[in-house]
Structures are given as structure tokens and as C-alpha cells.
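Trainee: can't give you the sequence, but here's the structure:
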């Protein structure tokens, strides 16, 4: 794992490299948090769908609202919502492991 404090401590805060490293660290941190939330939420949602909960149920809609906020901003978030969050069939297509979404234009 990258030691952010060690690297950032060696750079001046006015340095362009410092700003770039901070931005990269925040993106990696956001991706890690999103992956953790996704990995817990999607299997639970699949279980509820299997148990007969509908797309319109409050429980599923609460999960959809959380999932909607997890992907990176912009076209990736739009693609994710369009392909997976519009109906029950889309929810069922979500892989349990978020890393399977990498490189597909849906995730971080």
C-alpha cells in the first residue's frame, strides 16, 4: 500500500506534484470505500430479490439509492444507472464483486 503521509511529507504543499498526489489519493480512497459498500450491499440486495421483494419495495429502493451514489462522477455514474438501476432485471445483472465492473465504463 502507498504511504501517502510519507510521500506528501516530502513535497511542498505549493508543489504541483503535491496537488496531483492528493487528488490521486482521494480517488483511490473513494474507490476503496465504494468497493467495500458495494461488496456488502449487492449480495444483500440479491437475497432480498430472491426472497420476493420487488424493485419498488422501500428496502430495494433504499439500496438502489445508495448504489446510485457509488460510481465515479460523470459518464460512469450515468452508464451504471442506465444499465443496472432502472429495473429488477438490471439489479439482478450486478456482479457480487465490484472489481468485475472495472474497465467497463461503469465504475471507478
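Mentor: That came in fine, so what should we check first? What you see is a predicted model, and the numbers here were worked out from it, not measured in a lab.
Trainee: C-alpha only now, for contacts and for neighbours.
Mentor: Noted.
Trainee: least trustworthy helix or strand in the protein by mean pLDDT?
Mentor: helix 4-9 (a mean of 56; mean pLDDT, DSSP states H and E).
Trainee: the helices in this structure, which residues?
Mentor: Ranges of helices within the chain are 4-9, 16-50, 58-69, 75-84, 88-93, based on DSSP state H.
Trainee: Nearest to residue 108, out of the ones you listed?
Mentor: Comparison of the helices of the chain against residue 108 by Cα to Cα identifies helix 16-50 as nearest, at 6.1 Å.
Trainee: could you dump the helices of the chain to a markdown table with mean neighbour count and distance to residue 108?
Mentor: Shown next, in a markdown table, are the helices of the chain (neighbours: other Cα atoms under 10 Å; distance: least, Cα to Cα, whole Å):
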| stretch | mean neighbour count | distance to residue 108 |
| --- | --- | --- |
| helix 4-9 | 11 | 20 |
| helix 16-50 | 15 | 6 |
| helix 58-69 | 15 | 12 |
| helix 75-84 | 17 | 7 |
| helix 88-93 | 15 | 18 |
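Trainee: what's the closest of the ones you listed to residue 99?
Mentor: Using Cα to Cα, the nearest of those to residue 99 is helix 16-50, at 7.6 Å.
Trainee: Let me know whether residue 107 touches residue 83 as I believe.
Mentor: No. Using Cα atoms under 8 Å, residue 107 is not in contact with residue 83, being 11.7 Å away.
Trainee: which regions of the chain sit below the pLDDT cut-off?
Mentor: Residues of the chain meeting the criterion pLDDT under 70: 1-28.
Trainee: Chain neighbours aside, what residue packs nearest to residue 70?
Mentor: Distances taken as Cα to Cα, 6 or more residues apart in numbering put residue 34 closest to residue 70, at 5.4 Å, once the chain neighbours are dropped.
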